[in-house]
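Colleague: Okay, predicted coordinates and the sequence, questions at the end:
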Amino acid sequence: MKQTLAQIARHVGGEVRGNPELEITGAAPFDQAAETDITLAARPKFLKRIGETRAGAVIVPLDFQDSSRTVLAAANPAVAFAKAIALLFPAPGPKDDISSGAHVGKDVRMGLRVSIGPSAVIGDRVRIGDRVRIHPGVVIESDVIVGDDVEVYPNVTIRSRCRIGNRVVIHPGTVIGGDGFGFSPDGKHYHKIPHTGIVQIDDDVEIGALNAIDRATFGRTWIQRGVKTDNLVHVAHNVTVGEDTLLVAQVGIAGSAVIGRHAVLAGQAGITGHITIGDNAVVGPQAGVGRPVPDGEVVSGSPEMPHKLWLRVQRIIPGLPELKKKLSELEKRLKKVEENG
């Protein structure tokens, strides 16, 4: 969608330095942008090369000074660029369009401009808000509540009684509200524990593809406002994930763990059950966390340890074979001294 640079600046909260009437039709990477594109130069290595890009306009930090280019200065250039892309490439809006190939159950209530694709199944007593887009093959079981401005991509399953907030995006293949992994042993067999709770997903959450977010044994598994998950994330029963937390690909969180606000769990991190990861904590990639992590702590490794200590350990590990060799030699020499003493 064509926009003037002034319109983009108003949308992203930045200031134009140069031609405000410049027409922008697209966004592109720094080295690939054309004359009608806007691009990003937030880091010094790109700012030093700003004269090399062919882009019509460049988003830069507020303190950047270069009168030779038309720029859009912003307090947070990366966020401004994201907003500019969304403005230039708007997603198609939902419309009242229920496919004849969809199944809609009894006593379903829908808001305005709801789109339901072919082969979607909507269970009984489901409540769907305004401007919701449900793609082909989605299954929403009975008594689910879906808020406004929600997009559910193909082949997602939302099991019975779960709650989905406003402006939520759920990517293909995800299962919300499957049974938790709970079994009681009697010495010979495992007996399934019924899971009678729900999953609650709050506003402004985005769930990646092929996630599994299990329903609670009792009560709720709770994904709080603003959480973003990557693909292939597993959240077990009764877990709480705090506001604006990031879960990167292949993270696994065991039952009843509590993840704080603004935390980051990097790829393949594993969190044991019934512990708390604090606010603003960072768990490094492939970390195995078996103990609580305090607010603001950065941990790495398996078992987890403070990140700075982990870096020291990693520097030592490659030298262990040589160290073992030297220790063996010292033991032999010490033994000879003792025998001759």
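Modeller: Everything's here; your move. Residues are numbered from 1 along each chain as shown.
Colleague: When you work out contacts or count neighbours from here on, use the C-alpha atoms and nothing else.
Modeller: Will do.
Colleague: What mean pLDDT does the longest helix anywhere in the chain get?
Modeller: Longest helix in the chain, counting residues (DSSP state H): helix 320-340. Mean pLDDT, helix 320-340: 91.
Colleague: now swap in stretch 164-178 and tell me
Modeller: 98.
Colleague: Can you get me the start-to-end distance on it?
Modeller: Terminal residues of stretch 164-178 are spaced 15 Å apart (Cα to Cα, to the nearest Å).
Colleague: Wasn't residue 82 part of a helix?
Modeller: Yes: judged by DSSP: H, G, I helix; E, B strand; the rest coil, residue 82 forms part of a helix.
Colleague: Please read off the pLDDT at it from the model.
Modeller: Predicted confidence (pLDDT) for residue 82: 97.
Colleague: Also residue 209?
Modeller: Reported pLDDT for residue 209: 98.
Colleague: Return the residues in contact with it.
Modeller: Contacts for residue 209 (Cα atoms under 8 Å, 6 or more residues apart in numbering) come out as 170-174, 230-232.
Colleague: Among these, which ones are in strands?
Modeller: Members of those lying in strands (criterion: DSSP state E): residue 170.
Colleague: In this structure residue 162 contacts residue 177, no?
Modeller: Yes: at 6.6 Å, residue 162 counts as touching residue 177 under the criterion of Cα atoms under 8 Å.
Colleague: Overlap of the contact sets of those two?
Modeller: Contacts common to residue 162 and residue 177, judged by Cα under 8 Å, 6+ apart, are 198-199.
Colleague: where along the stretch 201-341 of the chain do the helices fall?
Modeller: 307-316, 320-340 (DSSP state H, counting those that start in this stretch).
Colleague: tell me what the last one is packed against?
Modeller: Read it as helix 320-340. Judged by 3 or more Cα pairs under 8 Å, 6 or more residues apart in numbering; DSSP states H and E, helix 320-340 is in contact with no other helix or strand.
Colleague: Might you list the low-confidence residue ranges for the stretch 151-300 of the chain?
Modeller: Across the stretch 151-300 of the chain, nothing is flagged by pLDDT under 70.
Colleague: Three-state assignment for residue 46, please.
Modeller: Under three-state DSSP, residue 46 comes out as helix.
Colleague: just the CA coordinates of the longest helix of the chain, formatted as CSV?
Modeller: Provided in CSV are the C-alpha atoms of helix 320-340 (Å, rounded to 0.1, in the frame of the first residue of the first chain):
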residue,chain,number,x,y,z
LEU,A,320,40.3,-31.3,30.7
PRO,A,321,41.9,-34.2,28.7
GLU,A,322,45.3,-32.5,29.0
LEU,A,323,44.7,-31.6,32.6
LYS,A,324,43.8,-35.3,33.4
LYS,A,325,47.1,-36.3,31.7
LYS,A,326,49.1,-34.0,33.8
LEU,A,327,47.4,-35.1,37.0
SER,A,328,48.1,-38.7,36.2
GLU,A,329,51.8,-37.9,35.7
LEU,A,330,51.8,-36.0,39.0
GLU,A,331,50.2,-39.0,40.8
LYS,A,332,52.9,-41.3,39.4
ARG,A,333,55.7,-39.0,40.5
LEU,A,334,54.1,-38.6,43.9
LYS,A,335,53.8,-42.3,44.3
LYS,A,336,57.5,-42.8,43.5
VAL,A,337,58.5,-40.1,46.0
GLU,A,338,56.4,-41.9,48.7
GLU,A,339,57.9,-45.3,47.8
ASN,A,340,61.4,-43.9,48.0
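Colleague: between it and helix 307-316, how many degrees?
Modeller: Interaxial angle, helix 320-340 versus helix 307-316 (axes from the mean of the first three to the mean of the last three Cα atoms, to 10 degrees): 70 degrees.
Colleague: Alpha carbons only: can I get stretch 151-162 in PDB?
Modeller: C-alpha atoms of stretch 151-162 as PDB (Å, rounded to 0.1, in the frame of the first residue of the first chain):
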ATOM      1  CA  GLU A 151      -6.700 -15.100  13.700                       C
ATOM      2  CA  VAL A 152      -6.600 -18.900  13.900                       C
ATOM      3  CA  TYR A 153      -4.500 -20.500  11.100                       C
ATOM      4  CA  PRO A 154      -5.200 -23.900   9.400                       C
ATOM      5  CA  ASN A 155      -5.400 -27.100  11.400                       C
ATOM      6  CA  VAL A 156      -5.400 -25.600  14.800                       C
ATOM      7  CA  THR A 157      -7.300 -27.400  17.500                       C
ATOM      8  CA  ILE A 158      -8.800 -25.500  20.500                       C
ATOM      9  CA  ARG A 159     -10.300 -28.100  22.900                       C
ATOM     10  CA  SER A 160     -13.500 -27.600  24.900                       C
ATOM     11  CA  ARG A 161     -14.000 -24.700  27.300                       C
ATOM     12  CA  CYS A 162     -10.700 -22.900  26.600                       C
END
